[in-house]
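Enquirer: here is a sequence with its predicted model. Questions after.
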Amino acid sequence: MLSCPTLFEDSAKIPPATESIKYIGSKLKLLPYILDMISGTDAKVILDGFSGSTRVSQALAKSGYQVVCNDISAWSEVFGTCYLLNQNTRSTYEPLIQELRQTPPKEGWFTNHYGGHSNGGQSVQNDGCKRPWQIHNTMKLDGIRDRIDEMGLSIIEKSIALTSLILALDKVDNTLGHYVSYLKQWAPRSYNHLHLEVPRLYPHDKKHIVHRKDVFDVAGVDVDLAYYDPPYGSNNEKMPPSRVRYASYYHPWTTICLNDKPDLFGKSNRRSDTSDQLAASVFEEFRRSPSTDRFIAVEAIERLIQKTRAKWIMLSYSSAGRSTAEELNEILSHSGEVVKVQKIDYQKNVMAEMKWTNEWIRESNGKHQEFLFLVCKE
């Protein structure tokens, strides 16, 4: 195996500004270390295979890399199109956003299913269910969302309008950061009024690419480095099969992007296509393979790394994930040279470099930590 050079600096880079929603598993705090590790490679074109909130893709693009942004969610594709494919200044879209601000509110599908009255401070409605937004904001949502479809916008214009709408809704919601349950008492921010702003766009001359595909379908693309941040299946052996899947956490954003008025179920009015049977990710899978007795999630990571053509692979993973330290260490070691490992301890709020993956095995037990692995496949 060829030796892979390292050019790492001692301190983490200051990341460029990024913008997104509240997001479980957000890599906002890890951006300095992700950029620092990547700067020690010769990579110029990077695949962000699980782009999610697109913060990593935005930071990479602003740092001068050419980005292939991919995620299976419709709203992540909208964010990627907004931030990566636009090549105009923010002021270009001010007339569009101003027109949407002036759209009259109306009672429609979103208000009927997601809007609630204050009810003396409680979000619980007559049907006994809690709601993610107050009705004055869902009525604005109904009016604006229908208007977006009526305007004959280009793909980029529509993505910018939808991103603006989602960002505004995120600021007035009644949640703890996800949409599988809502607060019983209205959050103070939910009383505020929805206000659209032009997203923090930036002009660029790179030819970025945005996909909405299964990650295995893009693993073979021609890039220098692939960054993977897969959803983590819990390592709790008692985790029941009926637990909520990661894809369902942000189901309203999908519905807002598609405006498809889907069938709903449950007290949180989830999309029917986010049920546990339909929305499961193989990387979250809690079961073992009957043929190998290995966790299916572990085998999925191994298969993804094997299928990846990039010279460099960076993997972000949590000690709370389904893979054990020993299993992941074995997968990475067999895939190439493990050039660098970094960990962040969320309890101690400390980031430390680790020179060998066996240090991870010794130190990860019993702690909630996140790790960044850099592997050179050549």
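Expert: Good, I have the coordinates.
Enquirer: for the residue nearest in space to the middle of the chain, helix, strand, or coil?
Expert: By Cα atoms, centre = their mean, the chain has its centre lying nearest to Gly52, at 2.1 Å. Under DSSP: H, G, I helix; E, B strand; the rest coil, Gly52 falls in the coil class.
Enquirer: tally of neighbours for the nearest residue to Tyr23 once chain neighbours are set aside?
Expert: Distances taken as Cβ to Cβ, 6 or more residues apart in numbering put Ser53 closest to Tyr23, at 4.2 Å, once the chain neighbours are dropped. For the C-beta atoms, the positions are set from N, CA and C on the backbone; glycine is no exception. Applying other Cβ atoms under 10 Å, we find 24 residues neighbouring Ser53.
Enquirer: check what pLDDT Ser53 gets.
Expert: On pLDDT, Ser53 comes in at 95.
Enquirer: again, but for Asp345
Expert: Turning to Asp345, the model gives it a pLDDT of 72.
Enquirer: thought it was touching Gln369?
Expert: Yes - using Cβ atoms under 8 Å, Asp345 makes contact with Gln369 at a distance of 5.1 Å.
Enquirer: ok, Leu85 to Leu196 distance?
Expert: Distance, Leu85 to Leu196, using Cβ to Cβ, to the nearest Å: 20 Å.
Enquirer: kindly report the same for Arg287.
Expert: As judged by Cβ to Cβ, Arg287 and Leu196 stand 44 Å apart.
Enquirer: tell me which of these two has more neighbours.
Expert: Applying other Cβ under 10 Å to Arg287 and Leu196 shows that Leu196 carries more neighbours, namely 21 against 11.
Enquirer: sec struct for the more buried one, please.
Expert: coil.
Enquirer: likewise the one 3 residues further on?
Expert: Pro199 falls in the coil class when you classify it by three-state DSSP.
Enquirer: pretty sure it contacts Cys82?
Expert: Yes - counting by Cβ under 8 Å, Cys82 is a contact partner of Pro199 at 5.8 Å.
Enquirer: between the two, which one's more packed in?
Expert: Each of Pro199 and Cys82 has its neighbours counted (other Cβ under 10 Å); Cys82 has more, 28 against 23.
Enquirer: I'd say Val341 and Phe373 touch.
Expert: Yes - using Cβ under 8 Å, Val341 is in contact with Phe373, at 5.5 Å.
Enquirer: end-to-end on stretch 121-130?
Expert: For stretch 121-130, the separation between the terminal residues is 12 Å (Cα to Cα, to the nearest Å).
Enquirer: cool, stretch 260-268 as well?
Expert: One end of stretch 260-268 to the other measures 18 Å (Cα to Cα).
Enquirer: may I see the buried residues of it?
Expert: Using 16 or more other Cβ atoms under 10 Å as the test for burial, stretch 260-268 gives Pro262, Ser268.
Enquirer: over to stretch 28-47?
Expert: Here stretch 28-47 shows 30-38, 40-41, 43, 45-47 as buried, counting by 16+ other Cβ under 10 Å.
Enquirer: what sits up against the host helix or strand of Leu169?
Expert: Using DSSP states H and E, Leu169 sits in helix 155-170. Residues from elsewhere that reach helix 155-170 (Cβ atoms under 8 Å, 6 or more residues apart in numbering): 19-22, 75, 78-79, 81-83, 85-86, 93, 96-97, 100, 133, 137, 141, 144-145, 148, 151, 153, 194-199, 201, 252-253, 256-257.
Enquirer: filter these down to the buried ones.
Expert: Buried members of the contacts of helix 155-170, scored by 16+ other Cβ under 10 Å, are 19-21, 75, 78-79, 81-83, 85-86, 93, 96-97, 100, 133, 137, 141, 144-145, 148, 194, 196, 198-199, 201, 252-253, 256-257.
Enquirer: strands of the stretch 101-250 of the chain, start to end?
Expert: Applying DSSP state E, counting those that start in this stretch to the stretch 101-250 of the chain gives strands spanning 115-116, 133-134, 209-211, 225-228.
Enquirer: possible to save the ones you listed as a markdown table with distance to Leu304 and mean pLDDT?
Expert: Putting the strands of the stretch 101-250 of the chain into a markdown table (distance: least, Cβ to Cβ, whole Å; pLDDT from 0 to 100) gives the following:
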| stretch | distance to Leu304 | mean pLDDT |
| --- | --- | --- |
| strand 115-116 | 40 | 96 |
| strand 133-134 | 37 | 98 |
| strand 209-211 | 15 | 98 |
| strand 225-228 | 7 | 98 |
